[in-house]
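Visitor: The following block contains a protein sequence and its predicted model.
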Amino acid sequence: MNKIILHIPLLLMINACSMFPKAEISVSQHAKSTLVKQQKHRHKKIADGVISVDIINSNNRLHLLTGQIKHGKKTLWYQNSKTGGESWSASVKILNDDDLAVKMTRGNDAQITAQGDKVVVSWTKYEPNSRFKAGAMQAARSTDGGQSWQYSATPPDWKKGPHGYIDMAADKNAMHAVWLDSRSGHGDVKASQGLRYARSIDGGFSWQKNKTLDQLTCSCCWNTIKTDAEDKAYVLYRDKQPSDLSIGVIDQKQQWQRLNHVGAFNWQFDGCPHIGGGLDFQTTAGINRLHSVIGTGHPEHLGIHYLYSDDKGKNWSDAKQLGDESAIHADVAAHDNGRVVVVWDMMGEEGLAIFMAESKDQGVNWSDPKQISQLGSRATHPRIVKTEKGFLSLWTENNGHLQTLAIKRL
């Protein structure tokens, strides 16, 4: 398992003392402390470096989108890899703009999707006079494999905004986008928005009429959309009343079916947990299995949990906790050889760190957790994608002065 550093501007790995001093406290106290510190961190001055990350694998080409900040100015950068992350194309600045009006942070990252040489990125506009400084969605599109970019049409047909917690996916027939907005209004329910969906059948040049998938959802947890071999789009999102993660599917006729909770913990929460989940598909020995990892703040189930479904999301296995109660953000990827890998952030010996566990039998048995981030930095929000040779995991590390992108092949 080799760790590599991606050489794009500001990506310098620097060792530093942890932001979280060692202390002999209980796991529950660790978890509460981690959540509180992460909430406070959102309101502090952002350290220079990488503040947004998204990656997809489209036909064995990895597409990487990073958002960076330097001296208060924000930029978006694109790269791709045809070698599973062993080497990367030169960095291209999206729109060649040195100061984009973009609101992005880990957990509410700018997003990317691709169909062949057509690549689309989207983000929430930074609006200094609006609540939470969040505005309408913006997008840029490339038709030459990411070499040049232009502003493009955006998925929402409700342009007022704000739009947030975007995710995108693509199959051979369409591009898909999901996000949260408050066009319907639910002022009587705290910390709530609605889940919206749009698709494009012309490579992101235009987007069809929006569809509301769920009118009452959490207002601030990231969504996950992925397409299967039948070109159906599955959406994993934070529900409301209760605040468990739910899953549904959109068919090629844009018909939505809500399937079930993924981890039915009956978590009743009025606030904003900023915790989402991960989703992936696997076909092994004739079994089509849907894998998911989810985070919850339920006091009796605190942490991250793995589940699988063999009937396309209608029913789920018992939840298996990975890591301890301090685990928060997680992602999952699965290969058709039976291997499944989950990555997550959790309190380690020197503070918040990235851990992994893997299963070689489709999620039945799991290895012990193993830390994969370096010591001495605050590491958060891991992502993972499968490649031809295995898996590629990414996360950000913060030494208090600079936030960098770390990549490891698993």
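Guide: Structure's in. What do you need? Numbering: from 1, shown residues only.
Visitor: List the buried residues for the one helix or strand Gln68 maps to?
Guide: Per DSSP states H and E: Gln68 is located in strand 61-70. Across strand 61-70, burial judged by 16 or more other Cβ atoms under 10 Å covers Arg61, Leu62, His63, Leu64, Leu65, Thr66, Gly67, Gln68, Ile69. (Each C-beta comes from the backbone N, C-alpha and C, glycine too.)
Visitor: Just list what that strand packs against, helices and strands only.
Guide: strand 48-58, strand 73-81, strand 111-115, strand 118-126 (3 or more Cβ pairs under 8 Å, 6 or more residues apart in numbering; DSSP states H and E).
Visitor: what would those strands look like in TSV with mean neighbour count?
Guide: Formatted as TSV, the helices and strands packed on strand 61-70 follow (neighbours: other Cβ atoms under 10 Å):
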stretch	mean neighbour count
strand 48-58	21
strand 73-81	20
strand 111-115	25
strand 118-126	25
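Visitor: Assign a three-state SS to Leu195, would you?
Guide: Secondary structure, DSSP: H, G, I helix; E, B strand; the rest coil: Leu195 is strand.
Visitor: Bridge partners for it, pull those for me.
Guide: On the basis of DSSP bridges, Leu195 is bridged to Leu180, Asp214.
Visitor: residues in contact with it?
Guide: Leu195 is in contact with Val178, Trp179, Leu180, Thr212, Leu213, Asp214, Thr217, Asn223, Val235, Tyr237, counting by Cβ atoms under 8 Å, 6 or more residues apart in numbering.
Visitor: Can you check the pLDDT for Gln38?
Guide: pLDDT for Gln38: 48.
Visitor: Point out where the stretch 51-200 of the chain drops to low pLDDT.
Guide: Residues of the stretch 51-200 of the chain meeting the criterion pLDDT under 70: 186-187.
Visitor: at 90 what do you get?
Guide: Along the stretch 51-200 of the chain, segments meeting pLDDT under 90 span 130-132, 184-188, 190-191.
Visitor: still on that earlier bit, can you put the buried residues of strand 61-70 in a markdown table and add distance to Thr75?
Guide: Formatted as a markdown table, these follow (distance: Cβ to Cβ, whole Å):
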| residue | distance to Thr75 |
| --- | --- |
| Arg61 | 23 |
| Leu62 | 20 |
| His63 | 17 |
| Leu64 | 14 |
| Leu65 | 11 |
| Thr66 | 9 |
| Gly67 | 7 |
| Gln68 | 5 |
| Ile69 | 8 |
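Visitor: Out of those residues, which is nearest to Lys370?
Guide: Set against Lys370, the nearest of these by Cβ to Cβ is Leu62 (23.4 Å).
Visitor: these two touch, right, that closest one and Ile56?
Guide: Yes - contact criterion Cβ atoms under 8 Å: Leu62 and Ile56 qualify, at 7.3 Å.
Visitor: before we move on, the earlier item: in the contacts of Leu195, find the pair that's most separated.
Guide: Across these (Cβ to Cβ), the longest gap, 13.5 Å, separates Thr212 and Asn223.
Visitor: out of these two, which sits in the more crowded spot?
Guide: Legend: neighbour count by other Cβ atoms under 10 Å for Thr212 and Asn223, higher for Asn223 (26 against 13).
Visitor: contacting residues for that one?
Guide: Neighbour list for Asn223: Tyr165, Ile166, Asp167, Val178, Trp179, Leu180, Leu195, Val235, Leu236, Tyr237, Arg238, Gly276 [criterion: Cβ under 8 Å, 6+ apart].
Visitor: shared neighbours of Leu62 and Ile56, which are they?
Guide: Counting by Cβ under 8 Å, 6+ apart, the shared contacts of Leu62 and Ile56 are Val385.
Visitor: which of the contacts of Asn223 tops the neighbour count?
Guide: Arg238 leads the contacts of Asn223 on contacts (other Cβ under 10 Å) with 30 neighbours.
Visitor: Which secondary structure state is assigned to it?
Guide: In three-state terms, and counting by three-state DSSP, Arg238 is strand.
Visitor: Pretty sure it sits against Cys221.
Guide: Yes - if you go by Cβ under 8 Å, Arg238 and Cys221 touch, sitting 3.5 Å apart.
Visitor: I figured Leu402 hits Val50, correct?
Guide: No - the criterion here is Cβ under 8 Å, and Leu402 misses it with Val50 at 9.0 Å.
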